[in-house]
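Asker: My questions concern the predicted model and sequence given below.
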Amino acid sequence: MSDSKLNRRTFLKGAAITASGAVLAACAPAATQAPAADATKAPEPTATTEAAPEPTAVQAPVIDPEAVSWWYGWGNLTAGIDKFVQTDVFKSTMGSTKFEYKGGVPGEALLTAIAAGTPPDGQSNIQGYPNMFTKGAVIAVNDLVATSKVVKKDDVIEQLWDSALIGDQMIGVPGIEGYLWWGLNVNSDFATKMGLDPQNLPLTWEEVLEWHKKETTFDDSGNLKTFGLDPWDAMAGETDFNMLSFGGMNWWDEKARKIDLNNDAMIQSLDVMCEFIKIAGPDKFAGVRGTEGMGTWGAAYNAGVQNMIIEGYWHPGETQIQKPEIAKFNVSTWAPVPASRKGKKIMATGAHFIQIFKDAKHKEGMFKFSESLFNDTFLDILFKEVGWIFGVKSWLAKVDPSVYPGLDFYIKAADQVDEWVIGRRCPLHNFVQTQFTELREKVYRGDMTSKEAAAEMQKRADDEWQAQGLS
């Protein structure tokens, strides 16, 4: 995985940061064109790819006006797309249509293009989907999907399909990637060495905390050497998870358009999760995280320093591809809940989409490409090359979960969930995530109580809601 490009993990981490300020106009080098097709053969689609700017850049890549253009935020997706555009499925779908794709595109570059009236035809994983739709940048795709013989509601996991809807408007074509978001993944080798039984994984926060204590070790100088669980790494860092785990359901009431962060579930989650950091030591923990290659979102797990992580279904496959020597010990189970809720099986999901811009020059061509992603050929390539899944039921029935250690839990879990949440739906999701990150540190450092932090989160969210005129 290249650190110079946005991948799934860095994209999701970046989703917790609120972008602000003016969009700067800029330009970028022209796209590199693929060689022309042999004139003696029937025309074939041309696919081109170009290295995107660094994530801190605001340059918008130049678009070939004759090509269907798609930008996306994950660098590691390109390994799959590069192979897919060589297949007969892609070529038969796109025909002689030129197709241009760019991965690892930063949000600022997309906003620059939108502001200039020259966006790509479609985007995925770069900017928040609900915001792109509610601000009028992208179109509803209801009519396109209604006439499709490929994009079928009955063949997609219900919650994934529902995540594409705001009211009765479909904000994008679901696809690319999307399945189950939460599970506790454990390094069974390290657990065994610490005298723990990986055949009986912890299912409550009380049990996970005991594992964490045993797996947290220090060197002779007192520096943090290993730890069990960072309670806010990866998917556990989101307010959706903290609330549902402790029985609060969703903090965003979509029908009433109300935010509820100042409640018992949030307070309890802060009380419990801060204990994990206190055991490691806030400064010692920060020191590990500040070490190169040990930043959040899975890096310390891959390094064998962190030995439990709350992650989505993609973790087994990505870890196998990136760090097979760690992946072979990966085992998974349900994300923890308090002992008072023991046995509850909680889960979040949400699709990713290809959103089609209202200013797109090739709306039909972008939709045709979206349809091709429902084909088994694409889904097989994505699974093998990137480790990702999109929840097409007919395809899932054929998946071999033994390919990636720990994946079997996720494949079986979809039909066993007690409590679902469709994540990242609030218009202030990014803002709330930023406040949550700041305020929880104040709690574990003793500068605030959990009650004070929850109340302050609520106040900041209410103030921002008013400031943005969302009422």
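Answerer: The structure has been received and is ready for your questions. A quick note: this is a predicted structure, and the numbers were derived from the prediction, not measured.
Asker: Next, count neighbours for Arg440.
Answerer: Counted with other C-beta atoms under 10 Å, residues neighbouring Arg440 total 23. Backbone N, C-alpha and C define where each C-beta goes, glycine included.
Asker: quick one: pLDDT of it?
Answerer: Note for Arg440: predicted pLDDT of 98.
Asker: Give the residue spans of this protein that score low on pLDDT.
Answerer: 1-58 (pLDDT under 70).
Asker: how's it carved up into domains?
Answerer: Here the domain assignment for the chain is 8-157+360-396, 183-348+420-467, based on automatic domain parsing.
Asker: Out of those domains, which gets nearest to Ala414?
Answerer: domain 8-157+360-396 (6.4 Å; C-beta to C-beta).
Asker: How far off centre is the closest one?
Answerer: 16 Å (C-alpha atoms, centre = their mean, to the nearest Å).
Asker: Strands of the stretch 201-350 of the chain, residue ranges please.
Answerer: With strands called from DSSP state E, counting those that start in this stretch, the stretch 201-350 of the chain shows them at 217-218, 224-229, 252-253, 258-259, 306-311, 330-333, 346-349.
Asker: so which of the ones you listed is the most packed in?
Answerer: strand 306-311 (a mean of 26; mean count of other C-beta atoms under 10 Å).
Asker: burial count for Met243?
Answerer: Residues near Met243, counting by other C-beta under 10 Å: 21.
Asker: typo on my end, it should be Asp264
Answerer: 12.
Asker: Likewise for Ala115?
Answerer: Count around Ala115 with other C-beta under 10 Å applied: 14.
Asker: again with Glu66
Answerer: Number of residues near Glu66 (other C-beta under 10 Å) recorded here: 12.
Asker: dump the residue contacts of it.
Answerer: Applying C-beta atoms under 8 Å, 6 or more residues apart in numbering to Glu66 gives the contacts Lys98.
Asker: quick one: it is in a strand?
Answerer: No: applying DSSP: H, G, I helix; E, B strand; the rest coil, one finds Glu66 to be coil, outside a strand.
Asker: before we move on, back to that, adding distance to Pro174, write the strands of the stretch 201-350 of the chain out as a markdown table.
Answerer: A markdown table is the format used below for the strands of the stretch 201-350 of the chain (distance: least, C-beta to C-beta, whole Å):
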| stretch | distance to Pro174 |
| --- | --- |
| strand 217-218 | 43 |
| strand 224-229 | 31 |
| strand 252-253 | 20 |
| strand 258-259 | 25 |
| strand 306-311 | 21 |
| strand 330-333 | 24 |
| strand 346-349 | 11 |
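Asker: Can you tell me how far the nearest residue to Gly222 once chain neighbours are set aside is from Phe218?
Answerer: Leaving out its chain neighbours, the residue that sits closest to Gly222 by C-beta to C-beta, 6 or more residues apart in numbering is Lys284, at 7.7 Å. Lys284 sits 8 Å away from Phe218 when distances are taken as C-beta to C-beta, to the nearest Å.
Asker: so Ser69 makes contact with Pro120?
Answerer: Yes: in this structure, Ser69 is within contact of Pro120 by C-beta atoms under 8 Å, at 3.9 Å.
Asker: list the residues that contact both of those two?
Answerer: Ile63, Lys102.
Asker: coming back round to it: find residues that contact each of Lys284 and Phe218.
Answerer: With C-beta under 8 Å, 6+ apart as the test, Lys284 and Phe218 both reach Leu224.
Asker: Over to Val386: give its phi and psi.
Answerer: Backbone torsions of Val386, given as degrees, to the nearest 10, read phi -120, psi -20.
Asker: Also the one 10 residues further on?
Answerer: When read as degrees, to the nearest 10, the backbone of Leu396 gives phi -60, psi -30.
Asker: List the residues that contact it.
Answerer: Leu396 touches Ile389, Ile411, Ala414, counting by C-beta under 8 Å, 6+ apart.
Asker: again, but for Ile326
Answerer: By C-beta under 8 Å, 6+ apart, the contact set of Ile326 is Asn187, Tyr301, Asn302, Gly304, Thr319.
Asker: If we use 6 Å, what do you get?
Answerer: Asn302 (C-beta atoms under 6 Å, 6 or more residues apart in numbering).
Asker: Tell me how far it lies from Asn187.
Answerer: Ile326 sits 7 Å away from Asn187, going by C-beta to C-beta.
Asker: and if you look at Glu456?
Answerer: Using C-beta to C-beta, Glu456 is found at 36 Å from Asn187.
Asker: same deal with Lys342?
Answerer: Taking C-beta to C-beta, one finds Lys342 at 23 Å from Asn187.
Asker: Kindly report the same for Thr349.
Answerer: Separation of Thr349 from Asn187 (C-beta to C-beta): 25 Å.
Asker: what does Val305 give?
Answerer: 10 Å.
Asker: which residues touch Trp251?
Answerer: Thr239, Met243, Asp260, Leu261.
Asker: one more time with 7 Å
Answerer: For Trp251, the contact set (C-beta atoms under 7 Å, 6 or more residues apart in numbering) comprises Thr239, Met243, Ile259, Asp260, Leu261.
Asker: One more: Gln86?
Answerer: Contact analysis of Gln86 by C-beta under 7 Å, 6+ apart lists nothing.
Asker: Same check on Leu209?
Answerer: Contacts of Leu209 (C-beta under 7 Å, 6+ apart): Glu275, Phe276.
Asker: just the one 10 residues further on next, same as before
Answerer: When contacts are counted by C-beta under 7 Å, 6+ apart, Asp219 touches Lys225.
Asker: Lys342 and Asn187: which has the busier surroundings?
Answerer: Remark: of Lys342 and Asn187, Asn187 carries more neighbours, 25 against 13, as counted by other C-beta under 10 Å.
Asker: Contact partners for the nearest residue to that one once chain neighbours are set aside?
Answerer: In this structure, Asn187 finds its nearest non-sequential neighbour in Asn307, 4.4 Å apart by C-beta to C-beta, 6+ apart. Contact analysis of Asn307 by C-beta under 7 Å, 6+ apart lists Val186, Asn187, Phe190, Ala191, Glu215, Thr226, Gly228.
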